[in-house]
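# Give me the fold of what follows.
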Amino acid sequence: PASAGTSTSNWPEGPGKPITDQRPDAELRAILREIDEDRIKAIVEKLVSFGTRHTLSSQTDPNRGIGAAANWILEEMNRYAATSGGRMTVEFQSYIQQPASRIPTPTRITNVVATLRGSVTPDRIYVVSGHYDSRISDVMNFTDDSPGASDDASGVAVAMELARIMATRRPEATIVFTAVSGEEQGLYGARYQAAQYKAAGADVHAMFTNDIIGSSTADDGA
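Numbers count the residues shown, from 1 in each chain. Presented below is the predicted three-dimensional model:
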């Protein structure tokens, strides 16, 4: 609840009970069996093939840069949507970011958004995301190769694979699978998407961001 940061009046008396494992039901096990690690790997390799996906890189080159990557993600998501019986729609969500931190000139920021409409409570929304832009050590270098396989083609690949699998199903709530841009320059795409939901009064229940999936070393060094 919104008041959780300032008051505990909405929380039950403690202490609570330890969390116990829950056996996944048959539907979840079926979904898990459909996850294809080869597809995830292929998505990562395809995103790497665009050379750089820097937010400031070309948006018109058909083979290199962030524009080519965005167009490919859109095409793939549309292929998934074609299996949904009209329940999934895919679109670009774009705006022009004026000069700001790490944005030297007006720059189009484009998110790729696939929305799978819920069958029971469609106004209840869950967002699953990864950021498809990339960078090298010099955050303003938008010309050199910046493969971004782990950061964050890996997260985009997971979001896309889940979109492919869920497109054929009928979740009760709406699930939004999104590849956002501008993350490395300052979370621009994600901030814009969040602002659009806020302005619309959307009932977003949770957001799962996937950033650097399957890393061999955790942030704590483990």
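
# mean confidence for the top helix by length along the chain?
In the chain, ranked by residue count with DSSP state H as the criterion, the top helix is helix 66-81. Helix 66-81 comes out with an average pLDDT of 98.

# Provide the contact partners of that helix at residue level.
43, 46-47, 50, 52-55, 57-62, 88-90, 92, 110, 112, 114, 132-133, 156, 160, 163-164, 167, 177, 179, 181 (CB atoms under 8 Å, 6 or more residues apart in numbering). Quick note: C-beta positions are derived from backbone N, CA and C, even for glycine.

# Next, the buried residues of that helix.
Using 16 or more other CB atoms under 10 Å as the test for burial, helix 66-81 gives 66-74, 76-77, 80-81.

# circling back to that earlier point, just the buried subset of the contacts of helix 66-81, written out for PyMOL, thanks.
Provided next is the PyMOL selection string for whichever of those are buried by 16+ other CB under 10 Å:
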select buried, resi 43+47+50+52+53+54+55+57+58+59+88+90+110+112+114+132+133+156+160+163+164+167+177+179+181
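
# List the ones among the contacts of helix 66-81 that fall in helices.
Per DSSP H, those map to helices at 43, 46-47, 156, 160, 163-164.

# Among those residues, which one lies nearest to W11?
A163 (35.0 Å; CB to CB).

# Could you measure from the closest one over to S154?
Relative to S154, A163 is positioned 15 Å away (CB to CB, to the nearest Å).

# centroid residue for the chain?
Closest residue to the average C-alpha location of the chain: S129 at 1.7 Å, with CA atoms, centre = their mean.

# List the single closest residue to that one in space, sequence neighbours excluded.
Nearest residue to S129, sequence neighbours excluded (CB to CB, 6 or more residues apart in numbering): T178, at 4.6 Å.

# May I ask you to confirm that the one you found is in contact with V113?
Yes. If you go by CB atoms under 8 Å, T178 and V113 touch, sitting 4.8 Å apart.
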